[in-house]
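[1] Give me a model of this one.
(chains A and B)
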Amino acid sequence: MTTSTTPVPSSAPTSDDPAPALPRAGRVTVVARRLRSPVLSVGFVVVVLAAWQLASSLRWVNPLYSSSPRQVIVSAWTFLPSAEGLNDMKISGEEFAIGLACAIVVGVVIGLLMGWYVLIEETLGLALNVFYSLPLVALAPIIVLWFGIGITSKIVVVFVAALFPILISTLTGVKNVDRTLINLARSYNASRTEIWRTILLPAAVPSIITGIRLGMATGLIGVIVGEFISSEAGVGFLISQAANNFNTDLLFVGLLVLAVVSVILTFVLRAIERRFSRWKVS
Amino acid sequence: MRSSVPTATAGRVEPAVPSPKLALDRVRIDYTSPVTHQPFCAVQEVSFTVPKGRLVSVIGPSGCGKSTLLGAIAGLVPYTGGAVAVDGEKVSKPGRDRAVVFQKSALLPWRTAEDNVAYPLVLGGMKRKEAREKAREVLTRVGLGDFARHYPDHLSGGMQQRVNVARALAVEPELLLLDEPFAAVDAQMREILQDEVLGLLENSAFSGVFITHQIDEAVLVGDSVVILSRGPGSTVREIVDVPLDRPRDPKVRRSKEFLELVDHVWGIVKGEIEASLGVPGEPTV
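    As a prediction, this is how the structure comes out:
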């Protein structure tokens, strides 16, 4: 192929040439476009952190209240590996993981049943809507009252917080299954189990995973809200204690932990989501 | 132009006629409308037969219950009166002897083309590997050999519809039930698919029912055309024989005989549509 400065039309026949060389300018444009989003988003965070550091170092704001990126990192470096720091993360992690796991199991099962059996949906519909519309913050105190200030009450709060997004997303997933597909399976004499296994479940998987991603976000809120109300350890406990003690550095360490966890979780879940919906047109 | 009375009764008078593959005898289907919750008669007194190895097209104004009727033959829709019999046996549920090609391509989007075609085979108890091999073979037959590993969403509408047809062919049904299979594809692709299906049908032993609302398509593919009256409670208005030679060349579309048949059928369908638009004197439903 002769080098040419005119752009190669994408529809040009390229049967012998697996990767037609783009003109140089074109390749640069492609790379630039691919990098644009990460550069802009990371750049913005860096600028904000730098401004924060600057404002704090130059005493434009009171460092006692504002802390600074440097102080937060120093504080994280010493606190997080300490016994107390590790324990906080372990406790919150347990509350979150157990609560979320229960919410996934219960939410998916009830969601599937409600989506398929109209009678179950009609029975539970109102109760669920009422329960779902109650703010979690309003529910948490009664849960703590019933389940104590230990880890159990926080597991329940996480469970309640994560349950509804998972349940409702699963329900929607099952309800939106193309009826023709069910008729198709029936026309080939598929049993009820086979219809579930080959049509309903696979069709609902993307919605279930979306539900889990949303449930993780609300579950994380649940951990913190639960620990705010009453607790002896955990990241939420750390944050509220730090606030009470004007320990702004430590408070930001708590926020940092939450931010990192939630970014990682969202990233992982998005990857799983993509894996399970690769058959969709992007 | 030959028009015959429904042959279900004729068959009983002359026992010399070989038993048909499919016989509908005064079939009636009622159901409750999901919108108004009122009982509703979709079709009634529908009688026609499909002789072995023959293809019968069914047309009628939209809303006349064509697809419902096909559902009853497939065993997916219960009928409330009369009898649907395949090889003399009354139909009460879906069976492996019948395969439906649905109107929408009805492909499982999370399965590749080959796994979609293999789906009914695996349901029928075939080993997955064996089913896949068979699926690839059938896909090659409909010209999609190179697309076996593609997901439906990555195929064009025409290709999806061919996968859909391939899936029904893979189970080697004795009775193929096609429910407006080309309704969702554009005019050019429709013609190509018609030719393809025509070719596949010529080389196969099965009998078939072909639901469509395209008159030329009904005449092109069918050995006879059953014209349903307008709904609700539609019935067989007339059965028109299609005495065109088989194997049928797609070029037959341009022949005088073909066009006359289409005109004849159109005349009858048009009458039904006009009646449904409330020509004076007709009771409106």
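
[2] hey, let's count contacts and neighbours off CA atoms from now on
    Fine.

[3] Run through the helices of the chain in chain order.
    Just going to use chain A. A:24-57, A:63-66, A:69-79, A:83-116, A:118-133, A:136-147, A:151-175, A:179-187, A:192-195, A:201-229, A:235-244, A:248-276 (DSSP state H).

[4] that's the wrong chain, I wanted chain B
    B:7-13, B:66-74, B:113-123, B:128-141, B:157-170, B:187-202, B:215-221, B:256-276.

[5] now for those, which one comes closest to residue A:72?
    helix B:113-123 (54.2 Å; Cα to Cα).

[6] and the angle for that closest one with helix B:157-170?
    30 degrees (axes from the mean of the first three to the mean of the last three Cα atoms, to 10 degrees).

[7] Helix B:113-123 near chain A anywhere?
    Yes: contact of helix B:113-123 with chain A (Cα under 8 Å from any Cα of the partner chain) involves B:120, B:123.

[8] So which residues make contact with that helix?
    A:185, A:188-190, A:194, B:107-108, B:128, B:131-132, B:134-136, B:139, B:147-152, B:163-164, B:166-168, B:170-171 (Cα atoms under 8 Å, 6 or more residues apart in numbering or on different chains).

[9] re the thing from before, got the helices of chain B as a markdown table, with mean neighbour count and mean pLDDT columns?
    Below are the helices of chain B laid out as a markdown table (neighbours: other Cα atoms under 10 Å in any protein chain shown; pLDDT from 0 to 100):
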| stretch | mean neighbour count | mean pLDDT |
| --- | --- | --- |
| helix B:7-13 | 14 | 44 |
| helix B:66-74 | 23 | 89 |
| helix B:113-123 | 25 | 93 |
| helix B:128-141 | 19 | 91 |
| helix B:157-170 | 24 | 88 |
| helix B:187-202 | 16 | 79 |
| helix B:215-221 | 23 | 90 |
| helix B:256-276 | 16 | 88 |
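
[10] just so I know, which of those helices lies nearest residue A:125?
    helix B:66-74 (32.2 Å).

[11] tell me what the closest one is packed against?
    With contacts taken as 3 or more Cα pairs under 8 Å, 6 or more residues apart in numbering or on different chains; DSSP states H and E, helix B:66-74 sits against strand B:98-101, strand B:175-179, strand B:207-211.

[12] Surely residue A:237 and residue A:225 touch.
    No: contact criterion Cα atoms under 8 Å: residue A:237 and residue A:225 do not qualify, at 9.5 Å.

[13] hang on, the earlier thing: so which of the helices of chain B is nearest residue A:106?
    Nearest of these (Cα to Cα): helix B:113-123, 29.7 Å.

[14] can you give me how far that closest one is from the chain middle?
    21 Å (Cα atoms, centre = their mean, to the nearest Å).

[15] can you give me the angle that helix makes with helix A:179-187?
    40 degrees.

[16] How about the residues of the stretch 51-200 of chain B by chain A?
    B:74-76, B:94-96, B:99-100, B:102, B:104, B:106-111, B:120, B:123-124, B:151-154.

[17] Give me the buried subset of the residues you listed.
    Members of those that pass the buried threshold by neighbour count (16 or more other Cα atoms under 10 Å in any protein chain shown) are listed as B:74-76, B:94-96, B:99-100, B:102, B:104, B:106-111, B:120, B:123, B:151-154.

[18] In strands only, show me these.
    Using DSSP state E, B:99, B:100 are the members of these that sit in strands.

[19] residues near residue B:250, how many?
    Using other Cα atoms under 10 Å in any protein chain shown, residue B:250 has 16 other residues around it.

[20] residues in contact with it?
    Counted by Cα under 8 Å, 6+ apart, residue B:250 has contacts B:195, B:198, B:220.

[21] wait, the second one sits on residue B:219?
    No: with contact defined as Cα under 8 Å, residue B:198 does not count as touching residue B:219 (11.5 Å).

[22] Can you tell me who residue B:27 pairs with across the strands?
    Counting by DSSP bridges, residue B:27 forms beta bridges with residue B:46.

[23] if I look at it, how far off is chain A?
    20 Å (Cα to the nearest Cα, to the nearest Å).

[24] check contacts around the residue positioned nearest the centre of chain B.
    The centre of chain B sits closest to residue B:210, judged by Cα atoms, centre = their mean, with a distance of 2.3 Å. Shown in contact with residue B:210 (Cα under 8 Å, 6+ apart): B:55, B:56, B:57, B:58, B:177, B:178, B:179, B:180, B:218, B:221, B:222.

[25] count of neighbours near residue A:184?
    Residue A:184 has 22 nearby residues by other Cα under 10 Å.

[26] for the closest residue to it other than its chain neighbours, what are its contacts?
    Once flanking residues are discounted, residue A:184 sits nearest to residue B:106: 7.1 Å by Cα to Cα, 6 or more residues apart in numbering or on different chains. Neighbouring residues of residue B:106 by Cα under 8 Å, 6+ apart: A:180, A:181, A:184, B:164.

[27] Identify, from those residues, the entry nearest to residue A:61.
    residue A:181 (62.6 Å).
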